[in-house]
Every structure is written in structure tokens, then in C-alpha cells.
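Novice: predicted structure and sequence below. I'll ask about it afterward.
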Amino acid sequence: MFCVNCGNQIEDESSFCPFCGTKLSAFDGNADSASEQHADPDRGLHDDRELTSAAQGEDVSASATQDETRNALAESAPQVDIESVSATTQNGAEVVAMPQVDDRPAPQAEAIPGSAPASPAAPQPEVSPVQPVVPVVSQPANSDRVSQPMREPQATSEAASGSKRGLIIAAVVVAIVAVGIIAAVVLSGLFGGAGEGDSNQEAIVDDGAVSGVSIKDKLGEYSWDEIEAIAQQIGIAETEENALEIARQYNLVDSSNKLSMTNSKSIQLNDGTSMSIWIAGFRHDDKSDGEGKAGITFMMSAPEAFHSMNPNETNAGGWEESSLRAWLSKEGLEMFPADVRDKIVSARKLTNNIGSTRNAHAVSVTSDKLWVPSATELFGSIDAYQGENAYCNSILNSEGARYQLFEDAGIVAAEKNQSLAMRFNEAACAWWLRSPLPSSETTFCTVNEYGSLATALSGGSYGVVAGFCMG
């Protein structure tokens, strides 16, 4: 049977409910009534109240007192709140929550006034302390694998995964930046001094050394490829002092940064003629393409041929219109071996290109790969003309600047200079300068067989001592 008050199942012969203390004697043997009371506890209490009052002759107020006592006993009785929760994880483990038990001791039922003595309360079952939630892992019937630990919730897994991805991306970015910085430093050291537009320029390091060029004892020991590379490095030097430091590093000048005519390189022309080449200066001439200074200017130490300046005995048109300039740009250049000719760069040369004139503004620019020097490039400041021809000095001095080689050699225009005394086919000879004599209509300046400044009619045949630039 069931208690009409709390609904718990009890023994059929019980007079009181051992769970809530409700008196049940009035319903002994009446199973149907007990079922109805179980279905409707309020009705059961009402019927119990009426039956008890009728049996003992009590009024309604006594019944109310009895109701209050029973309610107090029911509230103090131990309650069992079972929340059975099970969850199945992804790997089949079932988690079961243990019942939550109210372990407070149940009060002893008190006798209801005017009623029969209460039976002793049934002993309460011993309730064990609350146990923690224990995961119950069930394995498939045919599985022999070890149970896998429960997975973390998906949100936690995704957060961890995102954090790992963030760290990986950050590491990659840091690595790329580091590689970029290292590459920038290396490339800056290799190409930091390289001029723009020079696709054939050698790689250069910070100390001015040229990659792939070992230091030799003198100019003559370098190949023309190595000389070109050194000339390119000198050409892009920031100052004249820097250019000389590089030249000294490669033994192109002495310890005092002086040039010497003894530090030369031999060259054989295509017609079989052999001669020496001097370094005339560093960063002296502007390149015709506007890309800065040519690194090295060279001068031949002997004539490559004999030729007239103008066969018609005139200096009209100056160097620009001369027959000798036209010859040097073609036949004269073809006499050079290809490994030298291909490395020559065109230079801007200043010359009086009018001829007979009193105007210093007669000086203009030509672009030449081969040329002969002007009077002032060789001898420096010209003051040879006095009196009514003194104006010639200022015009001649406007045709460029003196090369370092001739400055270091102490060349003087009015004196004999053995180093400039040329020979051709074993005979002493004069050789051409490109400067027209401003006070004459037929004459150009020359260097005589003693190495001094002189003049000659333009139709004469004299030596051609050419200069050129590299770098």
C-alpha cells in the first residue's frame, strides 16, 4: 500500500507512515481507498480527518490540530532529492550524478492528542555521504582498446587551436622580418656604393674593395676586366679623397697618393704596335651619359700613329670639326684590342671649337671616346702669351683642368720635359694637342720633341697620343 500523505510505499499492516508519520489505521485493509489517496493526497487527508473525527467523536478544531501536527512531522522527515543526470560523451562514456541526500536526522513522531498511541517509527535506512560524480566509461562489446580520456568542450579546443595558430603566424612573421633585415644588410654591403644604371658593375663591400679583384703590386699586373671594375668603384667614390684611398689600396698610386709614369700597363694595338698606358687621373672627366665621373683616365705613352689635324691648314671649327677627331673616333679606336675598346666610356671634353677667336665663351663640349689632351690638361695654367695676345691664355685655360699625372710629374710648359719627349719609329717627334691657337687661323698647340709647349700648322703630320676613360 501507499501513504496517503507522502505517496511512499509502505507495508500493508502499518498504522503510521514511517516516512511522514501519517496515521494509517483507519485505512487498514482498504487497498482501493489507499490507491485513491495516493492519487490525490489532499483528498486522503480530508477523508482521514473525517473518519478519525467520526470514530472518536472529536470536533473539527481537534482535527485541525491533528493536521498541523502531521504537517510538522512531514516537513521534518528526511527528504531524498534525487536528480539523476546522465550524459554520454563522444567516446561513449556515461556520467551518472549520484543522488543528493538530506542527511539530517528525522524527528520522532509525536502522539496526536486524542488519538491512539503512535507506533514506533520505522528505522531509517543509513545513507552514505554524498559521493562525487564518477564517469562511467562503457566500451563497445568487441573493443579491446584502452578507454580514451574525455575530450574538452569544443569551445576550449577551438580556443586552444586558435591560440596555437596565432603563435605560429607570429613566429613566421618574425622569421620573415629577420630574414629581410639580414638580406638588406648583406645587399647594402655588397651594392650600397653601386651606381644606378650600371648593370655590369661589380659588387662592392664597405671597405672599398672590389669583389673578385685581388690586390696586385702594380697596374701592369691587373687584367683589363679587373681595371674596369676598380675604375667603376673609384668613379662612384663620394669624394676625391675616397677615390685616392681606393687607388692606394690597389697600388695604383704610391703611399703619398702620387701617380708615376713608371706604374704603367702594356698594350698591343691591332697593327702589332706595343706601348705603355699611363694613369692620368681619377674621377677627372665627366661621362657623356650624365652618370657621373669616369673612374680612371688613361694616356698613351707614345703615338699610335702620325696624322694631320686638318689637311687644309685651318683651325676653323676647332677640335670639334677637325680631321684628327674624326679619324680617332673610327680608325684610331679600331686599333685598340676589343677587350680594351669595349670598356672605354665616352667623356665630355671642353675645347675652343671656333678656332681663331678672342671670346672665352668659344669653349664648348664634345663627347669623345678617344681624344688628344688640351694644353691646360697637360701643362696646367697657361701664361705663355703676353701683350696683345695675352687673351689667348684665358681661352686656353678654359679647356679643362690639369691631370694629376702631369701635376705629380712637375711638368712645366716652357721647359724641357723628358717624360713628354715622344718617339715614333725610333725617331723623336712632336705630337698634337687639341687646342687651337686663338690668335691664329691655321695653328694648333703641340708638344715638341723636347717635351715643351709649342704650336704647329694644322696640315702637318705629327704624333697622335690619345687618352680615354674607363669606369
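Specialist: Cool, the structure landed.
Novice: when you work out contacts or count neighbours from here on, use the C-alpha atoms and nothing else.
Specialist: Fine.
Novice: check which helix or strand the closest residue to Asn389 other than its chain neighbours maps to.
Specialist: Leaving aside its sequence neighbours, Asn389 sits nearest to Ser439 (CA to CA, 6 or more residues apart in numbering; 6.7 Å). Using DSSP states H and E, Ser439 is not contained in any helix or strand.
Novice: hmm, Ser439 is touching Thr357, no?
Specialist: Yes: shown here, Ser439 and Thr357 form a contact pair, counting by CA atoms under 8 Å, at 6.7 Å.
Novice: which of those two has more residues huddled nearby?
Specialist: Taking other CA atoms under 10 Å, Ser439 and Thr357 do not tie; Thr357 has more neighbours (20 against 16).
Novice: identify the residues contacting the more buried one.
Specialist: Contacts for Thr357 (CA atoms under 8 Å, 6 or more residues apart in numbering) come out as Pro438, Ser439.
Novice: repeat that for Asp339.
Specialist: Each residue near Asp339 by CA under 8 Å, 6+ apart is listed here: Trp224, Asp225.
Novice: so where's the stretch 251-400 of the chain uncertain?
Specialist: For the stretch 251-400 of the chain, no stretch has pLDDT under 70.
Novice: residue boundaries of the helices in it?
Specialist: Applying DSSP state H, counting those that start in this stretch to the stretch 251-400 of the chain gives helices spanning 323-327, 333-334, 338-341, 375-379, 391-396.
Novice: Leu219 is nearest to which of the ones you listed?
Specialist: helix 338-341 (14.6 Å; CA to CA).
Novice: if you count neighbours, what's buried in the closest one?
Specialist: Arg341 (16 or more other CA atoms under 10 Å).
Novice: please save the CA atoms from the longest strand seen in the chain in CSV.
Specialist: Secondary structure of the chain read by DSSP state E shows that its longest strand is strand 274-282. Extracted in CSV, the C-alpha atoms of strand 274-282 (Å, rounded to 0.1, in the frame of the first residue of the first chain):
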residue,chain,number,x,y,z
SER,A,274,103.2,47.8,-78.4
MET,A,275,103.3,50.7,-76.0
SER,A,276,102.6,51.6,-72.3
ILE,A,277,99.5,53.1,-70.9
TRP,A,278,99.7,55.6,-68.0
ILE,A,279,97.0,56.6,-65.5
ALA,A,280,96.5,60.3,-66.0
GLY,A,281,93.9,60.8,-63.2
PHE,A,282,91.0,59.6,-61.1
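Novice: quick one: contacts of that strand?
Specialist: Outside strand 274-282, the residues that touch it by CA under 8 Å, 6+ apart are 234-235, 240, 243-244, 259, 261, 263-268, 294-302, 403-406.
Novice: partner strands of it, parallel or antiparallel?
Specialist: strand 265-268 (antiparallel), strand 296-300 (antiparallel) (DSSP bridges).
Novice: can you list those in CSV and add mean neighbour count and distance to Pro311?
Specialist: What follows is those, written out as CSV (neighbours: other CA atoms under 10 Å; distance: least, CA to CA, whole Å):
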stretch, mean neighbour count, distance to Pro311
strand 265-268, 16, 28
strand 296-300, 22, 24
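Novice: of all the ones you listed, which one is nearest Val253?
Specialist: Nearest to Val253 among the strands paired with strand 274-282 is strand 296-300 (12.1 Å), distances taken as CA to CA.
Novice: pull the CA atoms of the closest one into CSV?
Specialist: Extracted as CSV, the C-alpha positions of strand 296-300 are listed here (Å, rounded to 0.1, in the frame of the first residue of the first chain):
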residue,chain,number,x,y,z
ILE,A,296,90.1,56.4,-64.4
THR,A,297,91.5,58.4,-67.3
PHE,A,298,94.4,56.8,-69.2
MET,A,299,97.0,58.3,-71.6
MET,A,300,99.2,56.5,-74.1
